[in-house]
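Enquirer: need a structure here:
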Amino acid sequence: MLKRLRNKLLLFNMISLGVVVIASFAVIFFIQYSHMRGVDEERIAAIPTDVITNALLAERVDVPGAGGSEGVRGSGSGKPFIDSEGPNLPIDYSKFFVINVSQDGMLSIFSRIEMKEKEYFKAANEVAKNGGIPMGEIKLAGSRWLYSYIVDDKVAASGVSVTGEPFAVGASMVFLNIDDTDRAMARLLVSMVIIGGCVIAGLFLISLVFSARALRPAEESLVRQKQFVADASHELKTPLAIIDANAEAALAGDISSGARMWLERIGEESGRMRSLIDELLFLARSDDTTGAAMEKLPVDLSKEAESEIGRIEAVLFEKGIELEFKSPAGGVTVNADPARVRQILLILLDNAMKYTDEGGKVTVETGRAKKYGYVRVTNTGAGIPPDDLPRVFDRFYRAEKSRNSGSGGYGLGLSIARAIAERSGGTVTASSSGGLTTFTLELPHIL
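Expert: Below is the predicted model:
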């Protein structure tokens, strides 16, 4: 129990810390990305467009251009003018190019990189496809580019078509390569993942140590409680044995019918008390890995279920409860302690019998699913309220106490069934809906 509590505490702690760390790093990453994007936007805004670029182009109209390029005028030629030298700008502006739309509808290009002519036209088309928004990003030649679309309202005239896409006359498109920004953000992300992983691993180790220390008083208290229950159970067995012996001796003598009735009731209650003590002793030992040792033998669930059904069949018939038993051909063999399996089956069948209304139905089904063999015990009746369903396996817990007040038992049966199943490597679960309540026992099966 404490192990489960510790695991839940660790899980909750790590989820909380993980969310905080991830959220913190996400905020840092977003802030850094926004800063880098702002820097790129400032850089692209500082790149000259009309003033210097157009001046350079104007000087080369109808004469050979730099590097053997040719300045060409005239609408519809579609051939750009490329100036590979350009103005003297800082080195971090080395990867950019500018496309201007001239008065006669030509694209004039000033570029600081070597790129094929069709790539420039593609860049212009991408800007046009984006609706001519003032700022955006495109993919070009395997790289990412930030672009700025600038229109001078004083000279702009809409409707000019260049390479099949409409542009405003006098518009400028500035493209800045932002691969360096992407690489910097990628390095930051990798660093954050590594640092975050180390931080979470360190927090896990710290939480592991402190959770053990925090639960130590509870563990010691639980150990003392188990020891007390075990000692008290042993001590109570002796007076109960004496009471039983005296009651049996008195019953063997010549006594009146009234006295016999009272002595028989003493014997019955003594037997119930002994059963309660045995259950408490088992539960006290169930969480102890050294106690309540269980055998692991091949057990046919179908045969054991059929055998336990036979023990209560007469009672079911007397209450008018219909019984249905389903089992696959060849049975279902599991690896468990035969005596403990019979104990779980009897607990589940007894529970179903108690809470099935007269004239109702109990269905027992065995089968195989993945790595487990299972037994499902389903009964009709009022069912278990949704609020009570998660607590049906708690010790001494009984749902709808007023309805169950006369059902007998102490609310320990299902707790014992779960403890046995878990020690056997299996589970017991409960579900209830539509007037049907189902308890399912799963145990590792043998193929």
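
Enquirer: now stretch 241-255 - C-alpha only, PDB.
Expert: What follows is stretch 241-255, C-alpha atoms only, in PDB (Å, rounded to 0.1, in the frame of the first residue of the first chain):
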ATOM      1  CA  ALA A 241     -11.200 -21.400  21.900                       C
ATOM      2  CA  ILE A 242     -12.000 -21.600  25.600                       C
ATOM      3  CA  ILE A 243     -15.500 -20.100  24.900                       C
ATOM      4  CA  ASP A 244     -16.100 -22.700  22.100                       C
ATOM      5  CA  ALA A 245     -14.900 -25.600  24.300                       C
ATOM      6  CA  ASN A 246     -17.100 -24.500  27.300                       C
ATOM      7  CA  ALA A 247     -20.100 -24.000  25.000                       C
ATOM      8  CA  GLU A 248     -19.600 -27.500  23.500                       C
ATOM      9  CA  ALA A 249     -19.200 -29.100  26.900                       C
ATOM     10  CA  ALA A 250     -22.400 -27.400  28.100                       C
ATOM     11  CA  LEU A 251     -24.300 -28.500  25.100                       C
ATOM     12  CA  ALA A 252     -23.200 -32.100  25.700                       C
ATOM     13  CA  GLY A 253     -24.800 -32.100  29.100                       C
ATOM     14  CA  ASP A 254     -28.500 -32.300  30.100                       C
ATOM     15  CA  ILE A 255     -29.800 -28.800  29.700                       C
END
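
Enquirer: now do it, average pLDDT.
Expert: Stretch 241-255 comes out with an average pLDDT of 81.

Enquirer: just the buried positions in that stretch, please.
Expert: Using 16 or more other Cβ atoms under 10 Å as the test for burial, stretch 241-255 gives 243-244, 247. C-beta coordinates here come from the backbone N, C-alpha and C atoms, glycine included.

Enquirer: likewise for stretch 329-341?
Expert: Going by neighbour count (16+ other Cβ under 10 Å), the buried part of stretch 329-341 is 331-337, 340-341.

Enquirer: and stretch 124-139, by the same measure?
Expert: In stretch 124-139, counting by 16+ other Cβ under 10 Å, buried: 124, 126-128, 132, 138.

Enquirer: pLDDT (mean, whole number) over that stretch?
Expert: 85.

Enquirer: kindly check the end-to-end length of it for me.
Expert: 12 Å (Cα to Cα, to the nearest Å).

Enquirer: CSV please, covering the buried residues of stretch 329-341 and showing pLDDT and secondary structure.
Expert: Below are the buried residues of stretch 329-341 laid out as CSV (pLDDT from 0 to 100; DSSP: H, G, I helix; E, B strand; the rest coil):
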residue, pLDDT, secondary structure
Gly331, 81, coil
Val332, 87, coil
Thr333, 88, strand
Val334, 89, strand
Asn335, 86, strand
Ala336, 88, strand
Asp337, 86, coil
Arg340, 86, helix
Val341, 89, helix
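
Enquirer: can you pull out the strands in the stretch 51-200 of the chain?
Expert: 82-83, 96-101, 107-111, 135-140, 143-150, 160-162, 165-167, 172-177 (DSSP state E, counting those that start in this stretch).

Enquirer: can I get the second one as PDB, trimmed to CA atoms?
Expert: What it means is strand 96-101. C-alpha atoms of strand 96-101 as PDB (Å, rounded to 0.1, in the frame of the first residue of the first chain):
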ATOM      1  CA  PHE A  96      19.800  38.900 -49.400                       C
ATOM      2  CA  PHE A  97      18.400  40.100 -52.700                       C
ATOM      3  CA  VAL A  98      16.000  42.800 -53.800                       C
ATOM      4  CA  ILE A  99      13.400  42.600 -56.600                       C
ATOM      5  CA  ASN A 100      11.900  45.900 -57.900                       C
ATOM      6  CA  VAL A 101       9.000  46.300 -60.300                       C
END
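
Enquirer: tally of neighbours for Gln227?
Expert: 11 (other Cβ atoms under 10 Å).

Enquirer: repeat that for Gly18.
Expert: Neighbours around Gly18, by other Cβ under 10 Å: 15.

Enquirer: which pLDDT does the model give it?
Expert: Looking at Gly18, its pLDDT is 88.

Enquirer: please name the nearest non-neighbouring residue to it.
Expert: When the adjacent residues along the chain are set aside, Gly18 lies closest to Ile200, with 5.8 Å between them (Cβ to Cβ, 6 or more residues apart in numbering).

Enquirer: surely that neighbour and Leu17 touch.
Expert: Yes - using Cβ atoms under 8 Å, Ile200 is in contact with Leu17, at 6.9 Å.

Enquirer: which parts of this structure belong to which domain?
Expert: Here the domain parsing of the chain from automatic domain parsing is 47-177, 217-286, 297-444.

Enquirer: tabulate those (TSV), appending distance to Ile194.
Expert: Listed next are the domains of the chain as TSV, based on distance: least, Cβ to Cβ, whole Å:
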stretch	distance to Ile194
domain 47-177	24
domain 217-286	36
domain 297-444	38
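
Enquirer: looking at those domains, which has the lowest confidence?
Expert: domain 47-177 - the lowest mean pLDDT of the domains of the chain, at a mean of 64.

Enquirer: first-to-last residue distance for that one?
Expert: Domain 47-177 has its terminal residues 12 Å apart, counting by Cα to Cα.

Enquirer: ok so, going back, ok, the residue nearest to Gly18 to Ser16 distance?
Expert: Separation of Ile200 from Ser16 (Cβ to Cβ, to the nearest Å) stands at 11 Å.

Enquirer: and these two? Which one has more around it.
Expert: Legend: neighbour count by other Cβ under 10 Å for Ile200 and Ser16, higher for Ile200 (15 against 12).

Enquirer: burial check on Lys122, number of neighbours?
Expert: There are 17 residues near Lys122, going by other Cβ under 10 Å.

Enquirer: on that earlier part again, got the strands of the stretch 51-200 of the chain as JSON lines, with distance to Leu11 columns?
Expert: What follows is the strands of the stretch 51-200 of the chain, written out as JSON lines (distance: least, Cβ to Cβ, whole Å):
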{"stretch": "strand 82-83", "distance to Leu11": "62"}
{"stretch": "strand 96-101", "distance to Leu11": "51"}
{"stretch": "strand 107-111", "distance to Leu11": "57"}
{"stretch": "strand 135-140", "distance to Leu11": "41"}
{"stretch": "strand 143-150", "distance to Leu11": "40"}
{"stretch": "strand 160-162", "distance to Leu11": "62"}
{"stretch": "strand 165-167", "distance to Leu11": "57"}
{"stretch": "strand 172-177", "distance to Leu11": "46"}
